[in-house]
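> Next input, structure requested:
(2 chains)
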Amino acid sequence: MGLFNYNIEKYSPQQLVVIPLVLLVLSLAVVAFFMATTGMPVTPGLDFSGGTAVTIRTTDSHDQLRAVFADYPLVEISDMNDAKFIKFGTMDDATSRSLSALVSEKYSDASINQISETFGKSLQYQAFIALIFSFIGMAIVVFLSFRTFVPSVAVVLSAFADMVMTAAAMNLGGITLTLGTTAALLMLIGYSVDSDILLTNRVLKRQGKLNDKLTGAFHTGIIMTSTTFAAISVLFVVSWIGSIQILMEISAVLLIGLVFDVLNTWLTNVGILKWYVLKGGGK
Amino acid sequence: MVRPEGRWEMNAKEIKTIVSDWRVAILIILIIGSLIAIYPHYDENGNLASNLQYGLDLQQGAWIQLELRAEVVGFTTDRPLNDFVGNLSKSLDADIELIDANHIEIRKYFTKEELEAKFSEQGGTLTSYQQGVSKDSAAHIKTILENKINSMGTKDAKVNTLAGLNNVVRYVRIELAGVNMNEAQQIVGKQGKFEIRVQTTGNQSEHVVFGDKISSVQVPEKDLQSGSWGVQFTLNEAGAAEFQNAAIKTGATDDPDNHELMMILDNVTVYSAPLNDRLATSLKTEQVRQMIASTGTGTSGATAATNLEIHLRAGALPVDVSIAGSGSTSAPLGERYKAMVLLAGVLALLMVGCVIYYRYRESSIVLPMVLINASEVLILLGFIAAIKFQLDLPTIAGLIAVLGTGIDQLVIITDEILHEGKVPSPNLYLKRLARALAIIVAAAATVVIAMVPLVLMDLSTLKGFAIITILGVLVGVIITRPAYGRIIMAILSK
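Next up is the predicted model:
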């Protein structure tokens, strides 16, 4: 494997954790800023804030579309490949009906989704609870499987850093929190600890020199992340070509999360683990 | 025939040993089973078809989510329960269902503040407030909607109630395949035509009242004396007058047995019975607004009563609803999405194969890995087809993630076994395989745990995604990883 060389042994634990630590602080600041301004750590999208989204395949320009939907509370129009996404604010039943009639009359290639504000709010609350419980559940599994404090904390901390950095990146990249991206974040909670568990397991439960074990774990771990990255990249590209918004959002969040996962596993987690072993922990 | 002398060329005997290993055998059986369940075939139009069912984001259809405008509230009172509930019902002008000794369901929308005031007026205290209905009422509402949709001849309709963690159901989601939004709204909004007629002579009958004269319908009740089930309904003033006139005119009051009353919903007779003597006698002299249609004793009587209640309501729900969400996908868009996700799946598998090849440079390792990986997705799809689960876009994202992460675990096994580049002795091999499986099980457990909250909560469409993801992990850990361990050992020991 010579894709890139990374000598874990060269750096001290302090050097390893400094970059992710700075990034984590910055990300926390971004998330806190959004929390303070919007009330949610990540800007809620249509599923949670309520409103109507219309997807159509059309060559009409934005201005033409604005004219067509002049009677409705249009919020924004965005492009994705050959499709247009038109977002509307909340409206009453009658307006919503006439909008869906207008869309199906003018565009055959359309999909419409409408969520009321109250339903969005209750979904948002549940999604939030789901994310918190997922994270706690994951942490419990990690603690049960290693039964040593510092290494377990290292894994959980890496996963936490992953989530916060991904959330910050979503805010900066304009990806909103929807049902789809919630699913992606939940997948990240589960999958991002894969490589951390591999690393910790190799280092703590195997004989041999620390540096050899770290290098070995890195070799296996990086290929694991690469395969997942490859599969999800394909999903991202294809969903862009096919203008399938929900899949594009899910895959974008997963890709961002995987990049941070590499960083957090092979800098944060390795750093803490190395410090722990050098101090005489783990025999 | 010229055959290249490959390193991993196997003879028949070796293949037989591998296949007869139970781990490999189970895998093969499941793959065949999945292919049967999916049943890919060409339909009469020559299009590729399968048993897989698709969600409404992948095929033409519409969904409507209704919010139930009712509350489940907890309360305490010093007054007798029946008095309190009766008075409350009157003062709120709303139907009230008793759920248990300190919870009631109010079938009309009120804010918490409004209810607090009314409760203290009647000598009680409101202790909790949740919008929605009880699970029993939700099941009832579901039946009404299903009956209504079925009577319209709509196929592929699904009605799901979304219960929160507290067992209160606030939302009902209706999915209708193959229709557009306007049709869906018409189907859900449409009321049946209900009519009461009275028998004149033989097969002849005469109109009495239409359903609009029925002002309220109660839930089925059992008469404690006779043990017979029945549904009480109330006619409005005009209805009661018409009812009395018709009963006297046709002679039903004098000879009830030859002049049965018939209830007809959309031209189908759903109930037919004579007036009972007491009712017949009182109708001669006065108008009667409240009456009970009895349906007999035992379970059959109870079922008949439940159905009759639905019919009496003519498809109207016991609570008001508002539309909380809706969506539709057109046929061409659904087709396009389907083609795209198929493409994404195949390309993802190829990409994963390329990455693995880049790492191991050995087709004898890469090929089994990719095939095992593909078989995992195939088994999942087979399962999805078998349980008639609807494949939607988030679930497909989950399946593609399974492709990416499933192979991770095969990499863990391979690297663990190939540790230090040497092929181990069988003993050492098993030890290393066990060690690899320990890592995999821990990693799998985190994914399962992370998805559990979604399975327990009714977070709209994400429940299916979570179930499939958990299933994917389980199929991997229980079936495909052990089989891969066995196959790779046979290949490496060559």
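
> tell me the secondary structure for the residue nearest to the spatial centre of chain B?
Closest residue to the average C-alpha location of chain B: residue B:160 at 4.4 Å, with Cα atoms, centre = their mean. Secondary structure state of residue B:160, per DSSP: H, G, I helix; E, B strand; the rest coil, is strand.

> Find the nearest non-adjacent residue to it, please.
Setting aside the residues directly before and after it, residue B:160 is nearest to residue B:173 in space (Cβ to Cβ, 6 or more residues apart in numbering or on different chains), at 4.8 Å. The way it works is simple: take the backbone N, C-alpha and C, and place the C-beta from them, glycine included.

> now the helix or strand harbouring residue A:202: mean pLDDT?
Following DSSP states H and E, one finds residue A:202 within helix A:179-205. Per-residue pLDDT over helix A:179-205 has a mean of 88.

> show me what contacts the residue nearest to the centre of chain B?
Contacts for residue B:160 (Cβ atoms under 8 Å, 6 or more residues apart in numbering or on different chains) come out as B:142, B:172-173, B:175.

> Columns neighbour count on top of these, output as JSON lines?
Below are the contacts of residue B:160 laid out as JSON lines (neighbours: other Cβ atoms under 10 Å in any protein chain shown):
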{"residue": "B:142", "neighbour count": "16"}
{"residue": "B:172", "neighbour count": "24"}
{"residue": "B:173", "neighbour count": "19"}
{"residue": "B:175", "neighbour count": "20"}
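
> got these as JSON lines, with pLDDT columns?
Listed next are these as JSON lines, based on pLDDT from 0 to 100:
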{"residue": "B:142", "pLDDT": "88"}
{"residue": "B:172", "pLDDT": "89"}
{"residue": "B:173", "pLDDT": "88"}
{"residue": "B:175", "pLDDT": "87"}
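
> for these, which one is nearest residue A:24?
Distance to residue A:24, by Cβ to Cβ, is smallest for residue B:173 among the contacts of residue B:160, at 39.3 Å.

> who does residue B:133 bridge with?
residue B:169 (DSSP bridges).

> and the gap between it and residue B:99?
9 Å (Cβ to Cβ, to the nearest Å).

> Likewise for residue A:253?
To residue B:99, residue A:253 is 41 Å away according to Cβ to Cβ.

> Show me which of the two is the more surrounded one.
residue A:253 (28 against 19; other Cβ atoms under 10 Å in any protein chain shown).

> what residues are up against that one?
Taking Cβ under 8 Å, 6+ apart as the test, what residue A:253 contacts is A:166, A:170, A:175, A:181, A:184-185, A:188.

> Which of those ranks first by neighbour count?
When neighbours are taken as other Cβ under 10 Å, the top entry among the contacts of residue A:253 is residue A:184 (29 neighbours).

> How about the residue in the stretch 201-350 of chain B that chain A sits nearest to: what's its closest non-neighbour residue?
Nearest residue of the stretch 201-350 of chain B to chain A, counting by Cβ to the nearest Cβ: residue B:340, 3.3 Å away. The shortest distance from residue B:340 to any non-neighbouring residue, by Cβ to Cβ, 6+ apart, is to residue A:242 (3.3 Å).

> before we move on, what about residue B:28?
In space, and not counting its chain neighbours, residue B:28 is closest to residue B:19: 6.7 Å by Cβ to Cβ, 6+ apart.

> Flag every buried residue along the host helix or strand of residue B:89.
Taking DSSP H and E as the definition, one finds residue B:89 inside helix B:81-92. Residues B:84-85, B:87-89, B:92 are the ones in helix B:81-92 that count as buried (16 or more other Cβ atoms under 10 Å in any protein chain shown).

> hang on, residue B:401 packs against residue A:232?
Yes - counting by Cβ atoms under 8 Å, residue B:401 sits close enough to residue A:232 to count as a contact (7.0 Å).

> any common contacting residues for the two?
Joint contacts of residue B:401 and residue A:232 (Cβ under 8 Å, 6+ apart) are residue A:254.

> which regions of the stretch 51-200 of chain B sit below the pLDDT cut-off?
Along the stretch 51-200 of chain B, the parts satisfying pLDDT under 70 run over B:151-155, B:164-165, B:190-192.
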